[in-house]
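Asker: show me how the following folds:
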Amino acid sequence: MSVLPKEYALEDRTVGRILAIAAAQMGDKPLVIDVDGDAISYREMDSQANRMARGLAAFGVHHQEPVAFMLNDTIDLTALFCGLARRGAVEVPINLAYRGPFLSRIINDSCAKVLVVDAQFLERLAAIAPELESLERCVIYPRRPDQVPAAIAERFELFDFSTLSADDDSPFDGGPSYSDMIGIMYTSGTTGTSKGVMVSHAHAYRYGNNVGSNHGVVETDNYYTAGLPLFHIAGQWGVVYASMMTGATVILRRGYRNEYFWSDIATHGGTVVFMLGAIANFIWQQAPRDNDIDTPLAKVGMYPVIPEHEAFAKRFGVQVASGYGSTENPGPCRHALGLPFPTNQCVGLIKDTVDCKILDENDVECAPGVVGEICVRPHNAWEIMMGYWRQPEATLKAFRNLWFHSGDAGFIDKQQRLYFVDRVTDSMRRRGENISSMEVEDIINQHADVLECAVFPVWADESEQDVMVTITPQPDTRFDPVALTRFCNERMPYFMVPRYVDVVDSIPKTPTGKTQKYALREQGITDTTWDRVAAGVKLER
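Answerer: All right, here's what the predicted structure looks like:
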């Protein structure tokens, strides 16, 4: 039986407190094992968090001050996450694919004065340095290189990563409350450009606790990240924090590759995995082997479940769990390990700690089985986002009529099971990344040969969306989709670059001039559609 609680006391629901409690019980047991060889115990992580919290305070980082970071997944990053949380600072993780206006916007919007950045991203930072408004100091990981771009050296104070770690590892006092912010997590939200979600410690706790309990994580488990990045809530909270709460061990892998999956599971005894539907599909499509079932893996959290989930579970000897949630909302339902799925859209039973309703466009509750917007209201305070950072109007809209509006379409059946159908808005989701069509369109419309465009999701296979753009070119222009791809790749994260391009004479519109994206989605891929993957055009990542 676990020595750690299934539910922590309200006053203990901060990363710093839970780490201290877990370290006292787990001691020298590994908290994180890096597949490349490094490892850190619970006791060592607790010590590192104290050093980091003291170092951050001495560095001048104040309680509830935003601190941005753009770092590869390492044990040092987990220590920074724990140290920031124990200090009571506010983390601002940056997607490693961001560059250009996407990168400058996040840094500026967060108001961060300090950026912790891997040396490999300095050229990207130099390219946007003149646009940065509040940034003052750059902490370079692992240390300042001999040659730093002049655009950075002349504008910011530069420090080595070691500057943030103090010599004193005694317990750090004066940390945050469960109601304080732990992070500003940027997501495309439901509409428009990326918004910063203000997340409290209690909210992060609930997300991690939900995922850990849904996946059946216990202290004897080795929990594999499968390459989920730690700048994302799934990797950071769904795996690392959930492991910390339960006394499990994290197996840390940077980036997903098919050829690593089963070897990592075998080498490190992986028993649980947080698996995107796209990864499940990749694994399922591998040629069957006689010993597919002979692995330590027993528990799979799959988001979303693939159509072959029952055969997948039988072939690999695992139980499958799933669920539903977002950065804004830790999730109103639970589909526990091994329970049957009525359909692939079912994401679980509504929990008794959350109110969940399906509301129509007038916020009137829909009847069972009728599709509307998924709206939630947790029973416990602070277990949903505090709001959108510096966007009060968007916050009010999301919480109108005292319900959080998810922007997702779904329905609830008579057995109180929730079904996810689609996005209500023009946002889309590709391999775990939320994408705003508006942001992609804004970049594509800057191309000299584009008159107008419309970006929308299409289903590349049964479990994964991909990005498609329909373009009306400038008059008398011979449009080149390869050139457009390179243009996009230089200006946006790789996962936003459209895979499919259709060139048309005109884009369908309403009488008031609004693009009819539903018509484009229904039409989808046509005989005239150009496919980047089929054309063999590679992206820079």
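
Asker: all contacts plus neighbour counts: C-alpha atoms, from now on.
Answerer: OK.

Asker: identify the residues contacting residue 335.
Answerer: 214, 321, 322, 323, 347, 348, 349 (CA atoms under 8 Å, 6 or more residues apart in numbering).

Asker: what helix or strand is residue 84 on?
Answerer: helix 75-87 (DSSP states H and E).

Asker: return the distance of the helix or strand following that helix from the chain's centre.
Answerer: As assigned by DSSP H and E, the chain's next helix or strand after helix 75-87 is strand 90-93. Its chain's C-alpha centre and that of strand 90-93 lie 13 Å apart, by CA atoms, centre = their mean, to the nearest Å.

Asker: outside of strand 90-93 itself, which residues are in contact with it?
Answerer: Under CA under 8 Å, 6+ apart, the answer for strand 90-93 is 64-70, 81, 84-85, 110, 181-186, 231-232.

Asker: kindly recompute the last result at 6 Å.
Answerer: Outside strand 90-93, the residues that touch it by CA atoms under 6 Å, 6 or more residues apart in numbering are 64, 65, 66, 67, 68, 69, 182, 183, 184, 231.

Asker: how about these in a markdown table, adding pLDDT and neighbour count?
Answerer: Shown next, in a markdown table, are those (pLDDT from 0 to 100; neighbours: other CA atoms under 10 Å):
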| residue | pLDDT | neighbour count |
| --- | --- | --- |
| 64 | 98 | 18 |
| 65 | 98 | 22 |
| 66 | 98 | 24 |
| 67 | 99 | 25 |
| 68 | 98 | 25 |
| 69 | 98 | 26 |
| 182 | 98 | 31 |
| 183 | 98 | 27 |
| 184 | 98 | 25 |
| 231 | 94 | 24 |
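
Asker: format the residues you listed as JSON lines; extra columns: secondary structure.
Answerer: JSON lines is the format used below for these (DSSP: H, G, I helix; E, B strand; the rest coil):
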{"residue": "64", "secondary structure": "coil"}
{"residue": "65", "secondary structure": "coil"}
{"residue": "66", "secondary structure": "strand"}
{"residue": "67", "secondary structure": "strand"}
{"residue": "68", "secondary structure": "strand"}
{"residue": "69", "secondary structure": "strand"}
{"residue": "182", "secondary structure": "strand"}
{"residue": "183", "secondary structure": "strand"}
{"residue": "184", "secondary structure": "strand"}
{"residue": "231", "secondary structure": "coil"}
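
Asker: who are the packing partners of the helix or strand bottoming out on mean pLDDT in the chain?
Answerer: Least confident helix or strand of the chain, by mean pLDDT, DSSP states H and E, is strand 427-430 with a mean of 70. On a contact count with 3 or more CA pairs under 6 Å, 6 or more residues apart in numbering; DSSP states H and E, strand 427-430 meets strand 433-436.

Asker: and the chain, what are its domains?
Answerer: Structurally, the chain divides into domains by automatic domain parsing as follows: 41-200, 429-535.

Asker: sec struct for the spatially closest residue to residue 248 that is not a sequence neighbour, please.
Answerer: Once flanking residues are discounted, residue 248 sits nearest to residue 219: 4.1 Å by CA to CA, 6 or more residues apart in numbering. Counting by three-state DSSP, the backbone at residue 219 sits in coil.

Asker: neighbours around residue 219, how many?
Answerer: 19 (other CA atoms under 10 Å).

Asker: report pLDDT for it.
Answerer: Per-residue confidence (pLDDT) for residue 219: 97.

Asker: which residues touch it?
Answerer: 246, 247, 248.

Asker: distance check, it against residue 4.
Answerer: 9 Å (CA to CA, to the nearest Å).

Asker: ok, now residue 44?
Answerer: On the measure of CA to CA, residue 44 and residue 4 end up 18 Å apart.

Asker: same deal with residue 317?
Answerer: Distance from residue 317 to residue 4, by CA to CA: 28 Å.

Asker: so what pLDDT did residue 478 get?
Answerer: With respect to pLDDT, residue 478 has a value of 92.

Asker: hang on, it in a helix?
Answerer: No. With three-state DSSP as the criterion, residue 478 is coil rather than part of a helix.

Asker: for the top helix by length along the chain, which positions count as buried?
Answerer: Longest helix in the chain by number of residues, with DSSP state H as the criterion: helix 42-58. Across helix 42-58, burial judged by 16 or more other CA atoms under 10 Å covers 42-57.

Asker: and which of those is nearest residue 509?
Answerer: The closest of the buried residues of helix 42-58 to residue 509 turns out to be residue 56 (CA to CA; 53.1 Å).

Asker: so residue 376, which of the three states?
Answerer: strand.

Asker: could you check the pLDDT of the nearest residue to it once chain neighbours are set aside?
Answerer: Nearest in space to residue 376, with sequence neighbours left out and distances taken as CA to CA, 6+ apart, is residue 356 at 4.4 Å. Per-residue confidence (pLDDT) for residue 356: 98.

Asker: again with residue 188
Answerer: So residue 188 comes in at 53 (pLDDT).

Asker: residue 130 too?
Answerer: 97.

Asker: same check on the one 10 residues further on?
Answerer: The model reports residue 140 with a pLDDT of 98.

Asker: run a quick neighbour tally on it.
Answerer: 25.

Asker: same deal with the one 3 residues further on?
Answerer: Neighbour count of residue 143, defined by other CA under 10 Å: 16.

Asker: can you give me the helices in the stretch 301-450 of the chain?
Answerer: Secondary structure of the stretch 301-450 of the chain (DSSP state H, counting those that start in this stretch): helices at 309-316, 392-398, 437-444.

Asker: so which of these is the most packed in?
Answerer: helix 437-444 (a mean of 20; mean count of other CA atoms under 10 Å).

Asker: if you average pLDDT over it, what comes out?
Answerer: 84.

Asker: following it, which helix or strand comes up?
Answerer: strand 450-459.

Asker: so what does the residue nearest the centre of the chain look like in phi/psi?
Answerer: Centroid-nearest residue in the chain: residue 232, 3.2 Å away (criterion: CA atoms, centre = their mean). In terms of degrees, to the nearest 10, the main-chain angles of residue 232 are phi -110, psi 150.

Asker: determine which of the helices of the stretch 301-450 of the chain approaches residue 161 most closely.
Answerer: The nearest among those, by CA to CA, is helix 437-444 at 32.8 Å.

Asker: centre of the chain to the closest one, how far?
Answerer: 20 Å.

Asker: tilt between it and strand 450-459?
Answerer: 140 degrees (axes from the mean of the first three to the mean of the last three CA atoms, to 10 degrees).

Asker: now for residue 366: which residues touch it?
Answerer: 358, 359.

Asker: next one: phi and psi at it?
Answerer: phi -80, psi 150.

Asker: equivalent analysis for residue 256, please.
Answerer: With angles defined as degrees, to the nearest 10, residue 256 sits at phi -90, psi 130.

Asker: and the residue nearest to it when sequence neighbours are not counted, how far from residue 251?
Answerer: Counting by CA to CA, 6+ apart, residue 256 lies nearest to residue 227, which is 4.4 Å off, once chain neighbours are set aside. To residue 251, residue 227 is 10 Å away according to CA to CA.
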